[in-house]
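1. Here's my sequence, what's the structure:
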Amino acid sequence: MKLVLLVKPIFLSTIALSIAISIVLLFPKSPSFREADPMARSFILWLHGLGDSGPANEPIKTLFTSPEFRNTKWLFPSAPANPVTCNYGSVMPSWFDIHEIPVTADSPKDESGLLKAVQNVHATIDKEIAAGTNPNNVFVCGFSQGGALTLASVLLYPKTLGGGAVFSGWVPFNSSMVERITNEAKRTPILWSHGIADRTVLFEAGQAGPPFLEKIGVTCEFKAYPGLGHSINNEELKSLESWIKARLQSSS
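-> Purely as a prediction, here's the structure:
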């Protein structure tokens, strides 16, 4: 079983992070009966990258085959269409504005657009928690621009969540935003994965994340992938599956 996430080039065009996924799945036969499931309901919110869409990312969930994910609800929303500065004002699916490509650790930030997107993510999380999901079983994950939004969303959420997973992302706000982060939010663990060969969101932008998080008291596990460009590979997603499994709370 192999999963390859491919990214279209961005030269004079969008940086639509479209995903070409080829998956071969072997489904075991369903048993005639099943024991009581000890796992509580969990929720995974996946935020796509610039120019992409939620439905294009849905095959990701098929890799999560462990029994712990039987009661998991997945959600793959699509970003609204907005003009994007780094693509000459072209309108495309975008959570907030990006001023330049490649993104570096010092790239300009669109904090107003970011906070608007964060509010929408928080509304989604609030709805799921109101439906009965334990906040400790809520996980937000995202790639590239979606990874940056993931980071902001979990850090600015007032409660401790199960975790936030950032793939090829960056810190999308200035240090002044730190004062908005609650002590409860600081207890939400972060998984950060980044390809060393990334030329769209430079590896240095990813490397700047963990020291920033550690300075404010947030636990971050950083994984670097040699030879990986601006994409997600199967190894990263299997690592994500194990990371979430280790943090899921049982119903007992």
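2. switch to C-alpha atoms for all contacts and neighbour counts from now on
-> Fine.
3. Surely residue 126 forms part of a helix?
-> Yes - assessed with DSSP: H, G, I helix; E, B strand; the rest coil, residue 126 lies in a helix.
4. number of nearby residues for it?
-> Other residues within reach of residue 126 by the criterion other C-alpha atoms under 10 Å amount to 14.
5. repeat for residue 118
-> Close neighbours of residue 118, defined as other C-alpha under 10 Å, add up to 23.
6. Helix, strand or coil: sort out it for me.
-> Criterion first, three-state DSSP; result for residue 118: helix.
7. Can you name the residues that contact it?
-> With contacts defined as C-alpha atoms under 8 Å, 6 or more residues apart in numbering, residue 118 is in contact with 149, 152-153, 156.
8. Same list, these, but as a markdown table with pLDDT and secondary structure please.
-> Compiled in a markdown table, the contacts of residue 118 are given as follows (pLDDT from 0 to 100; DSSP: H, G, I helix; E, B strand; the rest coil):
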| residue | pLDDT | secondary structure |
| --- | --- | --- |
| 149 | 98 | helix |
| 152 | 98 | helix |
| 153 | 98 | helix |
| 156 | 98 | helix |
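9. Select from those residues the one having the most neighbours.
-> When neighbours are counted by other C-alpha under 10 Å, residue 149 leads these with 31 neighbours.
10. ok, back up a step: for the contacts of residue 118, which one is nearest residue 40?
-> Of all the contacts of residue 118, residue 153 has the smallest distance to residue 40: 23.2 Å, by C-alpha to C-alpha.
11. Now the spatially most central residue of the chain: which helix or strand?
-> With distances taken as C-alpha atoms, centre = their mean, the residue of the chain nearest its centroid is residue 142 (1.7 Å). With elements taken from DSSP states H and E, the one containing residue 142 is strand 138-143.
12. Ignoring the adjacent residues along the chain, who's closest to residue 230?
-> In this structure, residue 230 finds its nearest non-sequential neighbour in residue 198, 4.8 Å apart by C-alpha to C-alpha, 6 or more residues apart in numbering.
13. For the one you found, give me its contacts.
-> Residue 198 makes contact with 168, 228-230 under the criterion C-alpha under 8 Å, 6+ apart.
14. Residue 179 belongs to a strand, doesn't it?
-> No - applying three-state DSSP, one finds residue 179 to be helix, outside a strand.
15. Which phi and psi values does residue 75 adopt?
-> Main-chain dihedrals, residue 75, degrees, to the nearest 10: phi -140, psi 130.
16. Against residue 152, how distant is the closest residue to it other than its chain neighbours?
-> Nearest residue to residue 75 in three dimensions, chain neighbours excluded: residue 45, at 5.0 Å (C-alpha to C-alpha, 6+ apart). With the distance defined as C-alpha to C-alpha, to the nearest Å, residue 45 ends up 14 Å from residue 152.
17. Whichever strand or helix holds residue 114 to strand 138-143, inter-axis angle?
-> For residue 114, the element it lies in under DSSP H and E is helix 111-130. An angle of 140 degrees separates the directions of helix 111-130 and strand 138-143 when computed by axes from the mean of the first three to the mean of the last three C-alpha atoms, to 10 degrees.
18. Pull out the buried residues from helix 111-130.
-> Buried residues in helix 111-130, counted by 16 or more other C-alpha atoms under 10 Å: 114-115, 117-118, 121-122, 125, 128-129.
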